[in-house]
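Trainee: show me how the following folds:
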Amino acid sequence: MYVRPESQRKVYPVKECAATILCLATVLACAGEARADRRIFAYTYPYMTLPGGSFELEHYLDLGLKGTTTAWEGPSATTLQRDWTHPTWQHQVELEYGITDRLDFGFYNVFQQDASGALQFEGVKVRSRYRFADPGVHAVDAGVYLEYVYFGDMMEIEQRLILSKILGRVEVACNAMVEEEIELGPKEWEYVFTPSLGVGYHFSPGFAAGVEYVGRMLIAEESLAYYASYLGPGISVAAGPFYWTLAAEAQLGRHSNLAAVQIRSLFGIVL
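Mentor: Numbering: from 1, shown residues only. Got it, this is the predicted structure:
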């Protein structure tokens, strides 16, 4: 997820800090029924949608860490990042609704919080996801995803193709994502291409683990700014209406203005 540098962002202070980390891993690790829309990858969407008529609340917690050596430091920051000891957190709270068994809709509120600062309102997102058929009808299960982002002085349109396949206990998901980012005021366009691939194994209905690759290519001012790659492990636990997924991915290159490690926690509950 692209987050603008501190100097370029407009923030909207919240009077009281309301960030709460839900530590339910021990409970969720108990055996439970796997949910159809459960996400075992932190960044790569599965093709399954929320069942029609049901609601889900999801919380995303994102952290980007850059290294403390000179090789990792740079004059500008194009993703959410701080040093190891003073991180900045991004919180996204999504309310999701299943319009039909194949079409769902989500609304996000996005917040940002410095390690010792107050929670600040960043903006809103709306999105929809559609899958073309039931699982196993085609050789590869496919879906599409569309999202609109408004952050006051920036808006973004995201399109995503979702491909997925479950073979026994093995789950594979691949996303091809394109974002158009528009800075308002003096209009500036940027294009971001983000391929991702996750391969996971369901050890039980309540526990899965896997590895995920995420790439990011930025085109700004009609030229390639960079292509960065991230790779790392993740785990996912589930019980009843709950699931929790945690992933940490290291940058494979040395793009000094990007996070060296990106971490995401994703918690969901069917209401």
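Trainee: in the chain, which spans are strands?
Mentor: 12-13, 55-65, 88-98, 103-114, 119-131, 141-150, 154-167, 170-183, 188-204, 207-220, 223-239, 242-251, 261-270 (DSSP state E).
Trainee: would you turn those strands into a markdown table with distance to Thr44?
Mentor: In short, each C-beta sits where N, CA and C put it, glycine included. Output for those, formatted as a markdown table (distance: least, CB to CB, whole Å):
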| stretch | distance to Thr44 |
| --- | --- |
| strand 12-13 | 30 |
| strand 55-65 | 14 |
| strand 88-98 | 16 |
| strand 103-114 | 16 |
| strand 119-131 | 13 |
| strand 141-150 | 11 |
| strand 154-167 | 8 |
| strand 170-183 | 5 |
| strand 188-204 | 4 |
| strand 207-220 | 6 |
| strand 223-239 | 10 |
| strand 242-251 | 10 |
| strand 261-270 | 11 |
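Trainee: any chance of the ones you listed in a markdown table, plus mean pLDDT?
Mentor: Formatted as a markdown table, the strands of the chain follow (pLDDT from 0 to 100):
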| stretch | mean pLDDT |
| --- | --- |
| strand 12-13 | 46 |
| strand 55-65 | 94 |
| strand 88-98 | 94 |
| strand 103-114 | 94 |
| strand 119-131 | 95 |
| strand 141-150 | 97 |
| strand 154-167 | 96 |
| strand 170-183 | 95 |
| strand 188-204 | 95 |
| strand 207-220 | 96 |
| strand 223-239 | 95 |
| strand 242-251 | 96 |
| strand 261-270 | 95 |
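Trainee: of all these, which one is nearest Met48?
Mentor: strand 119-131 (6.8 Å; CB to CB).
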